[in-house]
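Undergrad: With the input below, show me the fold.
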Amino acid sequence: MTTDGPRNAPDVVDVVALGESMVTFLPSRPGRLADVPSFERGIGGAESNVVCQLAAAGHAVRWVSRVGADGFGDHLVETVGSFGVDVSSVGRDSSRPTGVYFRTAGDRSTDAHEVAYYRAGSAASAMSADTVDLAAVRAGRVLHLSGITAALSPGCLDLLRELTAPAPGRPLVSFDVNHRAGLWPDADGPRVLLELARRADVVFVGEDEAEEVWGVTGGPSEVRAVLPEPGVLVVKQAAKGATAFVSAAGTEAAGSRAAGAARVGAAAPRRRGQAITPPAQPQPADTFVPALAVDVVATTGAGDAFAAGFLSATLRGLPVKTRLRHGHLWAAAALTVPGDLATPPTRAHADHLAALDDDTWETLRLGPGWTQAGKAPEEVRTP
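TA: Below you'll find the predicted structure:
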């Protein structure tokens with residue numbers, strides 16, 4: 001038996017994110033999972049991470065998903081909602097559990113990192129066009145999705161295909177490739193992820209990820225050659241930085257879709273967001289911004305934070321270079337805390353740092369506590 005979220009006319013918000021979130025257990029100390037004596041409960045999910053951080057920054061956002069009718073589901077909905085996220089369209093499933101996972105304290109990129117997922121048959125894996133509130137999903141200026149959802153089940157993949165299909169009034173679709181090899185039961189993952197990315201308006205993908213998934217080498221320009229369709233393609237280059245490619249035609253189409261989000265559903269008159277304002281000046285075809293020097297505590301969640309920062313600046317109509325800088329700043333906030341979620345810098349603080357000249361930007365170093373730099377000014381060091 002399942003219980004769906006409410007079907008009343010939803011508010012139109014800035015960003016809607018659809019995807020699975022799980023309860024995560026963080027180790028009390030470093031070591032193998034077999035040796036860790038206790039864990040601290042938290043939450044983790046690529047899409048919910050994005051909207052939690054956007055909500056903390058003052059954006060109106062919604063998370064759409066399914067969770068079990070269990071205590072872990074209660075914890076997820078309550079925790080995501082505590083950030084100010086609209087969770088009224090999260091369905092409850094009494095026959096399927098909420099997913100959970102355990103991870104070690106080590107960097108995800110090292111051999112010592114372990115993650116144990118318990119998500120097979122989860123409530124979220126049963127998402128489909130019939131089990132989620134499509135009106136609520138589409139009632140946003142931006143719809144944020146990721147490749148993780150596509151890998152959960154055939155129904156989830158069909159749902160993402162429907163949401164990314166060209167249609168009048170479609171929100172601006174943001175897609176984070178988020179390849180997780182272990183989630184794909186066959187060799188279809190690369191083909192499916194490329195299909196979905198080509199249908200999106202804004203795409204986030206790592207340079208190393210593009211090589212792993214599609215065999216693309218030669219740098220960001222080669223990734224763009226494989227993905228010419230998105231109006232905005234952001235290629236993340238790890239500690240080096242990130243490059244954004246902008247297509248004038250694609251950006252205009254995306255802006256039209258975002259403006260049309262206010263008209264999603266004839267029965268959705270309540271609006272909490274305005275159409276996205278494009279930058280005042282024409283944007284270069286490609287823009288590179290170096291990453292910041294960061295005293296890293298943990299890397300988990302940094303990619304989601306980058307996407308959230310970039311989308312926040314996009315919603316404000318800021319130039320592409322500034323969007324990339326906000327992405328780096330929000331990622332730095334995630335890199336300097338141990339969990340999946342970090343409070344982003346205040347808008348005034350981020351705007352100040354994003355406006356630094358290039359030389360100062362490249363010498364900036366951020367450490368734990370830097371988002372509260374007013375209390376700990378030594379955490380932000382410039383020459």
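Undergrad: buried residues in stretch 82-91?
TA: Within stretch 82-91, the residues scored as buried using 16 or more other CB atoms under 10 Å are 83-91. All C-beta spots, glycine's among them, are computed from the backbone N, C-alpha and C.
Undergrad: what stretches of the stretch 151-300 of the chain score poorly on pLDDT?
TA: 248-283 (pLDDT under 70).
Undergrad: Strands along that one, start to end?
TA: 172-176, 202-206, 232-236, 241-246, 286-290, 293-294 (DSSP state E, counting those that start in this stretch).
Undergrad: can you state the direction angle for the third one and strand 202-206?
TA: Just to be clear, that refers to strand 232-236. 20 degrees (axes from the mean of the first three to the mean of the last three CA atoms, to 10 degrees).
Undergrad: What is strand 232-236 packed up against?
TA: The helices and strands touching strand 232-236, judged by 3 or more CB pairs under 8 Å, 6 or more residues apart in numbering; DSSP states H and E, are strand 202-206, helix 207-214, helix 220-226, strand 241-246, helix 248-260, helix 302-315, helix 320-335.
Undergrad: how about a cut-off of 6 Å?
TA: With contacts taken as 3 or more CB pairs under 6 Å, 6 or more residues apart in numbering; DSSP states H and E, strand 232-236 sits against strand 202-206, helix 220-226, strand 241-246.
Undergrad: Can you check what angle separates that strand from strand 286-290?
TA: If you take the same axes, to 10 degrees, strand 232-236 sits at 30 degrees to strand 286-290.
Undergrad: Residues contacting strand 232-236, please?
TA: 202-204, 206-207, 220, 223-224, 227, 242-246 (CB atoms under 6 Å, 6 or more residues apart in numbering).
Undergrad: Give me whichever of the helices and strands packed on strand 232-236 is most buried.
TA: strand 202-206 (a mean of 25; mean count of other CB atoms under 10 Å).
Undergrad: partners of that one, with directions?
TA: Here strand 202-206 is paired, per DSSP bridges, with strand 172-176 (parallel), strand 232-236 (parallel).
Undergrad: Any buried residues in stretch 17-34, and which?
TA: By neighbour count with 16+ other CB under 10 Å, stretch 17-34 contains the buried residues 17-27.
Undergrad: thinking in terms of the whole chain, how far from its middle is it?
TA: Centre-to-centre, stretch 17-34 and its host chain are 17 Å apart (CA atoms, centre = their mean, to the nearest Å).
Undergrad: hmm, back to that, turn the buried residues of stretch 82-91 into TSV, columns for secondary structure.
TA: Below are the buried residues of stretch 82-91 laid out as TSV (DSSP: H, G, I helix; E, B strand; the rest coil):
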residue	secondary structure
F83	coil
G84	coil
V85	coil
D86	strand
V87	coil
S88	coil
S89	coil
V90	coil
G91	strand
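Undergrad: got the helices and strands packed on strand 232-236 as CSV, with distance to L335 columns?
TA: Formatted as CSV, these follow (distance: least, CB to CB, whole Å):
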stretch, distance to L335
strand 202-206, 15
helix 220-226, 21
strand 241-246, 14
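Undergrad: Tell me which of those sits nearest to L315.
TA: Minimum separation from L315 across the helices and strands packed on strand 232-236 (CB to CB) falls at strand 202-206, 11.2 Å.
Undergrad: what angle sits between that closest one and strand 241-246?
TA: 150 degrees.
Undergrad: For strand 202-206, which outside residues touch it?
TA: For strand 202-206, using CB under 6 Å, 6+ apart, the contacting residues are 174-177, 197, 230, 232-234, 236, 307.
Undergrad: Now distance to D186 and neighbour count too, for the residues you listed, in TSV please.
TA: Shown next, in TSV, are the contacts of strand 202-206 (distance: CB to CB, whole Å; neighbours: other CB atoms under 10 Å):
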residue	distance to D186	neighbour count
S174	26	27
F175	21	27
D176	22	28
V177	18	24
A197	19	24
P230	26	26
V232	30	23
L233	27	25
V234	28	27
K236	27	29
A307	27	30
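Undergrad: which among those gets closest to H326?
TA: Among those, and counting by CB to CB, the member closest to H326 is A307, at 10.7 Å.
Undergrad: Correct me if wrong: that closest one contacts F175.
TA: No - using CB atoms under 6 Å as the test, A307 is too far from F175 to be in contact (9.7 Å).
Undergrad: Do a quick rundown of the helices in this structure.
TA: Taking DSSP state H, the helices of the chain run over residues 46-56, 71-82, 134-138, 147-152, 154-164, 189-198, 207-214, 220-226, 248-260, 302-315, 320-335, 347-354, 358-363.
Undergrad: how far does the third one sit from the chain's center?
TA: The reference is to helix 134-138. 18 Å.
Undergrad: quick one: average pLDDT of that helix?
TA: Mean pLDDT, helix 134-138: 97.
Undergrad: Over to the longest one?
TA: For helix 320-335, the per-residue pLDDT values average out at 97.
Undergrad: Could you name the helices and strands sitting against it?
TA: So helix 320-335, by 3+ CB pairs under 6 Å, 6+ apart, packs with strand 241-246, strand 286-290, helix 302-315, helix 347-354.
Undergrad: got the angle between the third one and strand 172-176?
TA: Counting by the same axes, to 10 degrees, helix 302-315 lies at 160 degrees to strand 172-176.
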